[in-house]
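3D, please:
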Amino acid sequence: MNKHCTVTGLQQVDHSCPTGLHWEISPLEHCRPNLKAETHEWTSSLQPDKYEVTFTDTHIGISAKILTDVPALLTWSPQNPSPFASPPTLIYSTGPWTKDNLATALEFFFSVMPASFLLSAAILRCIVTLSRLQRFYQRALERPLPTVKCFTTAHTKCVPA
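Presented below is the predicted three-dimensional model:
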């Protein structure tokens, strides 16, 4: 299979994937005296080893450190309504995704790009078929060819020995 090129493992993926949620803070909300304490109280149920909370004058963002934790964040959000008037919006990042995030980024790519999935499935079937053919011919070449004896008569006849 690697006759004309080398095959290397996939090391990283650059693809837009959801990583968290973002809330805008209005100027009126920003003037509230206990806003920072409210925000801390609101996000305290999130595990700090899994999520990163960013708080600025204009917004708050909660991002998962590993892509597999994003669905849990999306479940957490409606169960823990924010102290802000604005609805949450998704945060996207293009990576590069490596290590723990690599498989999740690929799954997300194929879930939003069904044509890519069909194409990759067709390519995979082709590779499997070529691999099977290669093994078949390799085994056929490893077997010794049958010896044939030819008898010369009025009609030349060859029979397997």
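
going forward, measure contacts between C-alpha atoms and count neighbours the same way
Noted.

mind listing the strands for the chain?
Remark: strands assigned in the chain by DSSP state E are 17-24, 51-55, 59-64, 89-93, 148-151, 157-160.

so where's this protein shaky on pLDDT?
In the predicted model of the chain, residues 1-10, 106, 108-161 satisfy pLDDT under 70.

80 instead, please
1-15, 95, 97-161 (pLDDT under 80).

Just give the nearest non-adjacent residue to Thr94, would you?
Ser16 (4.0 Å; CA to CA, 6 or more residues apart in numbering).

if I look at the one you found, how far off is Ala105?
Between Ser16 and Ala105 the computed distance is 8 Å (CA to CA, to the nearest Å).

which one of the two has more residues nearby?
Ala105 (25 against 16; other CA atoms under 10 Å).

show me what contacts the more buried one?
13, 15, 17, 67, 97 (CA atoms under 8 Å, 6 or more residues apart in numbering).

contacting residues around the nearest residue in space to Pro27 that is not next to it in sequence?
In this structure, Pro27 finds its nearest non-sequential neighbour in Thr58, 7.7 Å apart by CA to CA, 6+ apart. The contact partners of Thr58, by CA under 8 Å, 6+ apart, come to 24-27, 30.
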